[in-house]
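Asker: how would this look folded up:
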Amino acid sequence: MQALTVGDVADGISSLALEPRLLRRKWFDGNVTRYSESHFLDLLVDGHSLLDLAHRSSNMSTALNRPWLAQVPDTIKELNGERQAPGLARRRVSLLVCGQCGDLGCGSVTALLQIGPTTVRWTELAWENGYEDPSPLPDAPSTITFRRSNYDEQTATSTARNSASPDSYRAKRPLRRVGDVSSSSTHLERTSTP
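Answerer: Have a look, this model is predicted:
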């Protein structure tokens, strides 16, 4: 996978955009085939998804996730430096989390957040899980810098945008029982929303 290239060559400033994405899951729990869709806002840096940095898991999303709508305001406060992220060192924020549960223990892409009067910086991007030392992401840039106005505009609209996205979960009864519970499997698929 190619390294994420960020920042305008002239000034080193990147553009942040939050775009709707969909994480689909299908699994059989022993009795029922279950389908869930997790609608979330993806972090795009200069048009490139941060999901490209998460080589370790295809089951990542941001915490700006419709199923966790009640926690989205706290996530925004963390991304704006107004609240300490639970389980992380001071001024570190989770950019990507487990798409199923959002728990740090499943692994998270984090960054050191630096907020100035005109810029916001993400530095020291790393993989963290709360019980091992953080490990730097090999393809991550050392620093991603945004104009504060662009960053604030994107985070300010995220709660309303999450509220407007669908939240769907459905279960279908199988025609017959297949195997035992231990043979259940999970299929993960990431697609863009239209």
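Asker: Now do the residue lying closest to residue 51 once chain neighbours are set aside: how many residues are near it, please.
Answerer: Of all residues not flanking residue 51 in the chain, residue 60 sits nearest, at 5.9 Å (Cβ to Cβ, 6 or more residues apart in numbering). Bear in mind the C-beta positions are built from the backbone N, C-alpha and C, glycine included. Using other Cβ atoms under 10 Å, residue 60 has 25 neighbouring residues.
Asker: cool, and residue 47?
Answerer: By the criterion of other Cβ under 10 Å, residue 47 has 10 neighbours.
Asker: give the contact list for it.
Answerer: With contact set as Cβ atoms under 8 Å, 6 or more residues apart in numbering, residue 47 has these partners: 15, 17.
Asker: And it, what's its pLDDT?
Answerer: At residue 47, the pLDDT value in this model is 91.
Asker: swap in residue 132?
Answerer: Predicted confidence (pLDDT) for residue 132: 91.
Asker: and what of residue 92?
Answerer: Reported pLDDT for residue 92: 95.
Asker: Just give me the residue right at the centre of the chain.
Answerer: The residue lying closest to the centre of the chain (Cα atoms, centre = their mean) is residue 62, at 1.9 Å.
Asker: So that residue is in contact with residue 41, correct?
Answerer: Yes - with contact defined as Cβ atoms under 8 Å, residue 62 counts as touching residue 41 (5.9 Å).
Asker: rewinding a little: now do the residue nearest to residue 51, the pLDDT please.
Answerer: 84.
Asker: What of residue 141?
Answerer: Residue 141 is given a pLDDT of 88.
Asker: how deep is it tucked in, by neighbour count?
Answerer: Around residue 141 there are 18 residues (other Cβ under 10 Å).
Asker: returning to what we had before: pretty sure the residue nearest to residue 51 contacts residue 49?
Answerer: No - using Cβ under 8 Å, residue 60 is not in contact with residue 49, being 10.0 Å away.
Asker: Can you find the helix or strand in the chain with the smallest mean pLDDT?
Answerer: Sorting the helices and strands of the chain by mean pLDDT, DSSP states H and E puts strand 168-172 at the bottom, at a mean of 37.
Asker: Mind jotting down where the helices sit in this protein?
Answerer: Shown for the chain, the helices assigned by DSSP state H span residues 72-79, 148-156, 158-164.
Asker: Identify the residues contacting the residue nearest to the centre of the chain.
Answerer: Residue 62 makes contact with 40, 41, 42, 43, 75, 95, 96, 97, according to Cβ under 8 Å, 6+ apart.
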